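Enquirer: Provided below for reference: sequence and predicted model.
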Amino acid sequence: MGELLGITYREGTKKPMLEIDACTVSEQTGVNGDYRGKPNKRQVTVLCEEKWRAACADLGEELHWTTRRANLLVRGVAIGPECIGKILKVGGMTLKIVMETDPCFRMDELRPGLKAALTPDWRGGACCTVLSTGDIAVGDGVAFLEE
């Protein structure tokens, strides 16, 4: 089983990522307070710590994970193309993995070379839709549900 290491949201485009220890994630709003949380393919984004560290190693620099601008940071759960359509349980809620979170030009604005470092192996994370509303907190378990 994996672990939820971090939770963030942002109030608008180019606004800073705000770290929180716990929140409700709902089918209507995604991560509470996140401007992108409306129901869509990018409702909640999940970043794997191991893949983030690989991207930082390519850059030769440790960047804070919020530089990636993802909602959730997880450890111990491998997310890649084989996970599309799978259900991920995080604390008291569930997500459906819909697609890769493609790194955009904004990554290079934050750190030159970051977009290229995030491109291989789904290092930029996954986009998800919320299947069930629930509370989450840093330290919660993270696991794929059996199909």
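Expert: Perfect, I can see it now.
Enquirer: elements contacting the lowest-mean-pLDDT helix or strand in the chain?
Expert: Ranked by mean pLDDT, DSSP states H and E, the weakest helix or strand in the chain is helix 105-110, scoring a mean of 88. For helix 105-110, the elements it packs on are helix 114-118, judged by 3 or more CB pairs under 8 Å, 6 or more residues apart in numbering; DSSP states H and E. Glycine gets a C-beta too; all of them are placed from N, C-alpha and C.
Enquirer: The helix it packs on: which residues count as buried?
Expert: 114-115, 117-118 (16 or more other CB atoms under 10 Å).
Enquirer: Would you mind listing the outside residues contacting that helix?
Expert: Helix 114-118 is contacted from outside by 55-56, 58-59, 63, 67-68, 103-105, 107-108, 123-124, using CB atoms under 8 Å, 6 or more residues apart in numbering.
Enquirer: follow-up on the earlier one: so what touches the least confident helix or strand of the chain?
Expert: Residues contacting helix 105-110 (CB under 8 Å, 6+ apart): 14, 67-69, 114-115, 118, 124.
Enquirer: repeat that with 7 Å
Expert: Around helix 105-110, the neighbours that count as contacts under CB atoms under 7 Å, 6 or more residues apart in numbering are 67, 114-115, 118.
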